[in-house]
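Undergrad: Dropping a prediction and its sequence here:
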Amino acid sequence: MGKLPLEGIRIIDLTKVYAGPYASLLLASMGAEVIKIEPSTSADTVRGTGLSLGVPDNKPAGNFWNQSANFNATNRSKKALALDLRGGRGKELFKELVKTSDVVMENFTPRVMRNFGLEYEVLEAINPRIVMLSSCGYGATGPYSNYRAMGMSMEGAIGLINITGYEDVPPIRATVAYTDFQAGRWGAIALLLGLQNRRRTGKGQHIDLAQYECGAWWVGPDLMDYSMNGRIQGRMGNKHAYRVPQGCYRCSGDDKWVTISVGTDEEWVGLCETMGKPSLAEDQRFADPINRRNHHDELDVIIGEWTSQHDQYEVMHLLQARGVASGPVLTNKGVLTDPHLKNRGFWEKITSPEEATNVGTRVYPKMPWISKKSPTPLSTPAPTMGQHNQEVLTGILGLTEDEVVALEADGTISNSLADVPIPVNPPVETLIERGMIQEYDPDFMKVLGLK
Amino acid sequence: MTEGALEGIKILDLTHYIAGPYCTKILADFGADVLKVERPGLGDSARQMGPFYQDDPHLEKSGLFLFLNTNKQSITLDLETATGGNIVRKLVEEADVLVENFAPGVMDKLGLGYDVLEKINPRLIMVSISNFGQSGPYRDYKAEDIVEYAMSGLMYVIGNYDREPVKHGGTAAQFTAGEVAAITVLMALNVQQDSGQGDYIDVSIQEAVTAPQYTLLMPYVYSGGVKRRSLKGGGDLTQNNAIATKDGYVVPSITNMEWSLLALSLELTEELDNSKFDTPAARVLNGEELDDIIHKRFLEKTKADLFHETQAFGSSFGIVMSTEDLLNCPQLAEREFFPEVDHPFTGSLKYPGAPFKMPEGGWQKGRAPLLGEHNREIFIDRLGYSQEDLVKFRELGIS
C-alpha cells in the first residue's frame, strides 16, 4: 500500500470535547500524526464527563479518565501529551513542538491563547508555515466573540431546531451530541484547505472558524426563503414540503417505529397495494399530492394501522420491493447490529491499552468513506492520559530521560488526574426509571461479538 | 480578494439534488473550477424545488438551487446519448475530480464507471455519494432524509419520550454527506498531487450520519444501555424541549458548577435555596416543581436577555434562532456573514457567506449559473465544436 494522504503532516491539537477532536480524528485517519495536548491537571473534559453509561459496565474505576467511551471513540489514532501550558517550561516545549509541526488547532474562547501568550502572531514568528485553526462558537471577532458555546446551545443558535420538532410543542433537540461533529467536519475542511493553500504559496495562516456560521449553512435554503420572500419556516414534524405522505409510524413491539416517504404517484400506488388496500389509490381524498397533503393526518392514521401489525424491518423490505423509500427507526443497538452496515465493514474492533481499566476490545464506527486506493487503516486505540509524554519529548524534541523525569516531578507533564474523586454513576435501574434509557441489555458484549 | 485555495483544480460535477451539489459548492466556493453537467430542458432537479424567488416556480429562481450551486459553471448534456457519453469522457481527460450522486450502478450503465474513467485518466479522483453506499444488501434501496435519519440511530433519540421520534428539520443528512464527500476530495488531492495517483471513493449518506454518533452508540458498546428520547421535564435544564421566553425560545445548557450562579442571575436565589434543588439528583426528582419556577421566570425575560445574562455567569444558553433572527443578528452582521449576491433573475439577495474566515485562499463570493450558461464556452472554446454543432445538439436533444 502507498502513502496515506496526510502522511508526514504533524498536527498539534489543543482541542477538547467533540468539535475539535472530531476534526483531528478525521485527519488522523488520513495518516496525519496528531499530538493531542491536554492540560496536565485537568485533561480533555470528555475524560471526566458524560460517564453515565460511558465507562465499562457503567462503573468508573480509579483511573476513570482512561475509561471514557466518548473520549476513546473520538481520539483514536492520536498521541497524547499532558502538558501544563501555564508554566514557562510547558510553553517553551510547546513552542519547540510548533517548530516541527504543520498545524496547530485549538477551540478555546478567543482570549485563552492570548492569555497563554501563544496566539497566532507568536506561533507564526516561530514557524511561518504553521496553519492554525481557532474554532469556537461565535467566532474570534464581533460582539459575541468571547461568548461560550456548547453543542446543545449551538443546535438552537444555528437555526436548526427552530424547524425541528412537532408542530404543536416547542422546538426540540437531540439527546446526543450532534452539532459538535458538524463543526468538526468543517474544522477538517478548513485545515485541508489551509494545507492546500500552503502547497500553492508556501505560507501558513490563521483560520477563524465559528460554529455559528458553518452551522447556519444547514438552514441555507430557509435563509434564502427569508432573503427572497421574507418567509420564516416553522416546524413540520416529520412531514415534507412536497413528498406526501411522509412520516414515522408505529410498528409491532415496544417503541418500534418505521419511516416512509412517498415521492411519486407510482410510489403511492405501491404503498396502497403493499398495505393490501389497492382501493385507497382510487380514493379522491388521496388522488394526487395536493389532496394527499390536505388529508395527511387521515392518511397517517390509515398507514399507522397497517404498520402497527408489522415488524419495522418487514415494512421496510415490503415497501422497498415496490420502490418506496422506507426504513426502520433504529436504536443504538439496532444500528450496531444492522446487517447492511455489518456487510459494509463499517465497524472496527479496537483494543485499548491495559492502563484503560476494563475497556479491552470494543466496537467503534469507522470513518464514513471507503477509498479504493488509500484505504483507511485500522485505528490505533485512543491514548491514555499522557501515554506519549516520553515518546514526544524524547523522540521529537530530543529531551533526555532525566529531563522527562524532572518534568514529571515539577508537574509540567503528568499521566493522571490526581486528587479527583471517582464519579458516581446512577445505576441502570435508575436510568430506566427516569426514562433516560429504553432498556439495559445484559448480553451486549455477546451481541457485539466481543465475548 | 485573494484567489481561492483550490484555484486551478478542475472538477467535473455530475451531481443533482442536495448532497452532491453541496459537496461541489464547498469546493467551488474555495476556488475550484466546477463544471456542472445538467440534463437538457429541466436541469438539476433542485431547480424545480422551492423556495422560489417571489414564489415564482421558475428554473432560475429556486433558492435551494441558487444556494447550492454558487461559483459553478453549467452545461446541458444528455448522458444517455452516445455523444453525451463521449463528451463526458473527453472532459474526464482534463479533470482532476469527478463527483456524482446517481443511484449505484447508473454510472456503469452510462459507460462512465470508474473502471472506464480510470483508464482515460489514471489521476482522476472519483467520488460517488449514495443513500446506502455502493455495496451491501440495501445498496439499491431508496431513501429520503427521514429514512437516513431513522437508520443512523439519530432519529430515535429526538422527540418526546412517549411520542413518535422526529427528525431534524431541513435536509441535515444530505448536508452531512456533502461535507464528508468534500473532505474526501480534499484528502485524495494530497495523494494526487504527491504521486499522481487517483482514487475511487464511496460515500454512504447513512454512514456519514452514523459515523460520529459516539454519544449515542457508546452507551451500548460500553454499558449495554439503549438510549431513548427523554421524558418531558427534567428539572436539570438538560431536557430536550427548548423553553419559552417572552419572545421566543432558548436552549439552556448548564453544568452543575453553574447552578447556584443561575439562581443568582435569574433572581431566584430565595425560591431555589432549598434542599429539594441542591443536587442534580434532587433536581431531577423534583423536576416538575423546579421547571414551574424557572419557566415562569423565563417567560418574563426576552430570549436575548437570557442569552446575554447567562453568559455573564459562565453558562452558555443558546437562542433558538429563526432565519429572521440569523439575518438580523449583530454578530453575523459585524462578521459580514450575509453578503449580497447578484443574479440575472432575482437581482441582488443576501446569501449565507463564508463558513469560516481564512485570510489567504478563502471563501469566494459568486452566483449559481443559469441552465446551460456555459455551453458555448465549453463546447466551442474548450472542446472545439462549432456553432452549427451546438444547433444540432439542441435539435437532437443532446444538449
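TA: Thanks, I have it.
Undergrad: got the residues of the stretch 1-150 of chain B near chain A?
TA: Contact residues, the stretch 1-150 of chain B versus chain A (CB under 8 Å from any CB of the partner chain): B:5-7, B:26, B:30, B:49-55, B:63-64, B:66-68, B:114, B:132-138, B:141-144, B:146-150. Quick note: C-beta positions are derived from backbone N, CA and C, even for glycine.
Undergrad: My understanding was that residue A:58 contacts residue A:69; is that so?
TA: No. The criterion here is CB atoms under 8 Å, and residue A:58 misses it with residue A:69 at 10.3 Å.
Undergrad: ok, how many other residues are close to residue 286?
TA: By default, I'm working from chain A. 22 (other CB atoms under 10 Å in any protein chain shown).
Undergrad: Not quite, go with chain B.
TA: Residue B:286: 15 neighbours (other CB under 10 Å).
Undergrad: Spit out the residues that contact residue A:58 and residue A:69 alike.
TA: Common neighbours of residue A:58 and residue A:69, using CB atoms under 8 Å, 6 or more residues apart in numbering or on different chains, are B:222, B:223.
Undergrad: In terms of neighbours, single out the busier of those two.
TA: residue A:69 (27 against 20).
Undergrad: re earlier: now, the residues of the stretch 1-150 of chain B next to chain A that are in helices?
TA: Using DSSP state H, the subset of those located in helices is B:26, B:63, B:64, B:66, B:67, B:68, B:114, B:146, B:147, B:148, B:149, B:150.
Undergrad: Which one of those is nearest to chain A?
TA: Nearest to chain A, judged by CB to the nearest CB, of those is residue B:63 at 3.2 Å.
Undergrad: doesn't residue A:225 make contact with that closest one?
TA: Yes. Counting by CB under 8 Å, residue B:63 does reach residue A:225; the two are 5.7 Å apart.
Undergrad: Is chain A within reach of stretch B:357-370?
TA: Yes. Contact of stretch B:357-370 with chain A (CB under 8 Å from any CB) involves B:357, B:358, B:359, B:360, B:361.
Undergrad: Skipping adjacent residues, who's closest to the fourth one in space?
TA: Okay, so that is residue B:360. residue A:205 (4.9 Å; CB to CB, 6 or more residues apart in numbering or on different chains).
Undergrad: how much space between the one you found and residue A:145?
TA: Plainly put, residue A:205 is 19 Å away from residue A:145 if you go by CB to CB, to the nearest Å.
Undergrad: Between the two, tell me which one has more neighbours.
TA: residue A:205 (22 against 19).
Undergrad: follow-up on the earlier one: overlap in contacts of residue B:63 and residue A:225?
TA: B:50, B:51.
Undergrad: Correct me if wrong: residue B:142 contacts residue A:322.
TA: No. Using CB under 8 Å, residue B:142 is not in contact with residue A:322, being 9.9 Å away.
Undergrad: For residue B:234, report the pLDDT, please.
TA: Note for residue B:234: predicted pLDDT of 48.
Undergrad: What is the longest helix of the chain by residue count?
TA: I went with chain A, as the question did not name one. Assigned via DSSP H, chain A shows its longest helix as helix A:179-201.
Undergrad: actually chain B
TA: Chain B, longest helix under DSSP H: helix B:172-195.
Undergrad: just the CA coordinates of whichever helix or strand comes after it, formatted as PDB?
TA: Next helix or strand after helix B:172-195 toward the C-terminus (DSSP states H and E): strand B:199-204. Taking Å, rounded to 0.1, in the frame of the first residue of the first chain, the C-alpha atoms of strand B:199-204 are listed here in PDB:
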ATOM      1  CA  ASP B 199      -8.800   7.200  -6.300                       C
ATOM      2  CA  TYR B 200     -12.400   6.000  -6.200                       C
ATOM      3  CA  ILE B 201     -14.300   6.900  -3.000                       C
ATOM      4  CA  ASP B 202     -17.600   5.500  -1.900                       C
ATOM      5  CA  VAL B 203     -19.600   7.800   0.500                       C
ATOM      6  CA  SER B 204     -22.800   6.500   2.000                       C
END
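Undergrad: For strand B:199-204, which outside residues touch it?
TA: By CB under 8 Å, 6+ apart, strand B:199-204 touches A:344, A:368-374, B:114, B:118, B:125-135, B:177, B:180-181, B:184-185, B:188, B:191-192.
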